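**Q** here is the input, now give the coordinates:
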Amino acid sequence: MGSRGASLWRPLLLVLLPALGLGSVAPAPGPWAERRLLEAHDLSLSLLRGPGLGPLSLPPPPPDLPELEPECRELLLAFAEGSAELTGCLVRSARPVRLCQSCFRLFGQVTSQWDAIRRAAGNMSESHNCAKNLLMSDRMQIVVILSEFFNTTWKEANCANCLMNNNEELSNSTINFLDLFNHTLACFEHNLQGDVASLLQQKNYTEVCKNCQEIYKNLSTLYNDMQKMNKREHKDEFESHLCIDVEDAMNITRKLWSRTFNCSVLCRDTVPVIAVSVFILFLPVVFYLSSFLHSEQKKRKLIQPKRLKSSTSFISIQENSN
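**A** Sure, this is the predicted structure:
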């Protein structure tokens with residue numbers, strides 16, 4: 001490399017040596033220490049070359065441990081690369097939530113790699129040892145932990161409820177919902193482009209409420225229909241939830257509509273509902289009023305007039321005298 005290259009990798013080498021267990025190496029190292037020193041040198045050179053170094057490679061194991069078979073190492077490398085890509089996708093899609101629609105292909109890829117490790121690459125003779133070494137050779141079981149983490153995350157997000165064809169593509173209802181959701185947000189944005197400063201000060205979102213009411217109602221109706229259909233297909237309450245992408249999109253839209261814009265959807269059946277409510281509210285009043293009037297009428301029938309009573313008594317006296 002030259003004097004300049006040597007001056008670059010020497011400080012890095014001093015940092016790498018303690019990590020490799022060579023911080024207290026004697027002045028005259030043995031063969032194994034020399035081997036690790038050369039490996040640290042090669043690693044420092046590869047780091048200095050920057051990106052574009054080719055596929056990821058695993059460091060060779062210490063001489064006292066058996067080395068993985070080439071096919072087994074390939075399986076482990078494929079799972080490592082797939083896990084790194086999937087983890088990055090999950091984190092990038094965390095807010096706003098876009099896990100299912102953005103990462104379903106990577107999740108399927110990692111699932112296939114996990115299945116290949118469990119099957120241990122088919123019929124090769126070392127397959128049993130490969131699966132044992134990768135999945136059960138230590139207490140940590142990193143490969144197993146990663147696979148369980150991905151599966152748990154995917155299940156809790158209910159991503160399967162937004163996919164079809166063995167989770168290889170988004171379902172038609174999900175595509176329609178996301179498309180309508182994007183149009184709804186575009187309507188919000190378009191109707192806020194007038195005088196944004198005055199809108200923010202006065203909090204007057206009349207144009208948004210008036211011009212976006214129909215598309216918002218369509219989005220809400222589609223969401224409710226998807227919920228009903230999903231509940232019919234899944235008896236379990238947890239599985240009946242829509243995928244987290246759809247739920248989060250609807251929650252965002254409802255918060256914007258009701259809290260930010262302070263809009264409300266007028267129901268077409270408002271007048272009949274109000275009429276029925278008023279009628280039910282006044283039923284007790286009508287009942288007690290009719291009962292009162294009926295009781296008063298009975299009292300009038302039972303009480304005789306005084307003149308009629310006196311004439312009746314006079315007639316009875318005359319009859320007795322005769």
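
**Q** and the strands in the protein?
**A** 163-164, 169-170 (DSSP state E).

**Q** reformat those strands as CSV; add distance to residue 109, mean pLDDT and mean neighbour count.
**A** C-beta: built from backbone N, CA, C; applies to glycine. Output for the strands of the chain, formatted as CSV (distance: least, C-beta to C-beta, whole Å; pLDDT from 0 to 100; neighbours: other C-beta atoms under 10 Å):
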stretch, distance to residue 109, mean pLDDT, mean neighbour count
strand 163-164, 14, 94, 16
strand 169-170, 14, 94, 17
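
**Q** point out where the chain drops to low pLDDT.
**A** 1-67, 120-128, 193-203, 236-238, 265-279, 282, 287-288, 292, 294, 296-322 (pLDDT under 70).

**Q** all helices for it, in order.
**A** 3-19, 31-49, 70-92, 99-119, 127-135, 142-156, 172-190, 196-202, 206-211, 213-233, 244-255, 270-302, 306-321 (DSSP state H).

**Q** would you mind measuring from residue 177 to residue 245?
**A** 9 Å (C-beta to C-beta, to the nearest Å).

**Q** how about residue 84?
**A** Taking C-beta to C-beta, one finds residue 84 at 22 Å from residue 245.

**Q** show me the one of the strands of the chain that comes nearest residue 228.
**A** Checking these against residue 228 by C-beta to C-beta gives strand 163-164 as the closest, at 18.2 Å.

**Q** show residues contacting the closest one.
**A** Residues outside strand 163-164 that contact it (C-beta atoms under 8 Å, 6 or more residues apart in numbering): 100, 104, 169-172, 174, 243.

**Q** who does that strand pair up with?
**A** Paired strands of strand 163-164, with direction, are strand 169-170 (antiparallel) (DSSP bridges).

**Q** burial measure for residue 204, as a count.
**A** 14 (other C-beta atoms under 10 Å).

**Q** before we move on, what about residue 131?
**A** 20.

**Q** and for residue 76?
**A** Neighbour tally, residue 76, other C-beta under 10 Å: 18.

**Q** residue 135 too?
**A** Neighbour tally, residue 135, other C-beta under 10 Å: 17.

**Q** tell me the one of the contacts of strand 163-164 nearest residue 88?
**A** When those are compared against residue 88 (criterion: C-beta to C-beta), the nearest one is residue 104, at 14.8 Å.

**Q** residues in contact with the closest one?
**A** Contacts of residue 104 (C-beta under 8 Å, 6+ apart): 159, 163, 167-170.

**Q** same drill for residue 84 and residue 245, tell me which one is more crowded.
**A** residue 245 (26 against 13).

**Q** dump the residue contacts of that one.
**A** 97-101, 157, 159, 162, 174, 178.

**Q** residues contacting the closest residue to it other than its chain neighbours?
**A** Distances taken as C-beta to C-beta, 6 or more residues apart in numbering put residue 100 closest to residue 245, at 4.8 Å, once the chain neighbours are dropped. Each residue near residue 100 by C-beta under 8 Å, 6+ apart is listed here: 157, 159, 162-163, 170, 243-245.

**Q** one more time with 7 Å, if that's ok
**A** 157, 159, 162-163, 243-245 (C-beta atoms under 7 Å, 6 or more residues apart in numbering).

**Q** tell me which of the strands of the chain lies nearest to residue 204.
**A** Comparing the strands of the chain by C-beta to C-beta, strand 169-170 comes nearest, at 37.8 Å.

**Q** contacting residues around the closest one?
**A** Here strand 169-170 has contacts from 101, 162-163, using C-beta under 7 Å, 6+ apart.

**Q** need these in JSON lines with distance to residue 187, can you?
**A** Shown next, in JSON lines, are these (distance: C-beta to C-beta, whole Å):
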{"residue": "101", "distance to residue 187": "21"}
{"residue": "162", "distance to residue 187": "23"}
{"residue": "163", "distance to residue 187": "28"}
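
**Q** can you give me the buried ones in stretch 156-172?
**A** Judged by neighbour count (16 or more other C-beta atoms under 10 Å), stretch 156-172 contains these buried residues: 157-163, 167, 170-171.

**Q** I meant stretch 175-182, not that one.
**A** 177-178, 180-181.

**Q** next one: stretch 133-141
**A** For stretch 133-141, by 16+ other C-beta under 10 Å, it's 133-135.

**Q** before we move on, the earlier item: farthest pair in the buried residues of stretch 175-182?
**A** Farthest pair in the buried residues of stretch 175-182, by C-beta to C-beta: 178 and 180, 7.5 Å.

**Q** kindly reformat the contacts of residue 100 as a markdown table and extend each row with distance to residue 143.
**A** Formatted as a markdown table, these follow (distance: C-beta to C-beta, whole Å):
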| residue | distance to residue 143 |
| --- | --- |
| 157 | 22 |
| 159 | 22 |
| 162 | 27 |
| 163 | 25 |
| 243 | 27 |
| 244 | 26 |
| 245 | 28 |
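
**Q** buried sites along stretch 215-223?
**A** Under 16+ other C-beta under 10 Å, the buried positions of stretch 215-223 are 215-216, 219-220, 222-223.

**Q** can you lay out the residues you listed as TSV showing distance to residue 187?
**A** Shown next, in TSV, are the buried residues of stretch 215-223 (distance: C-beta to C-beta, whole Å):
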residue	distance to residue 187
215	5
216	8
219	10
220	14
222	15
223	16
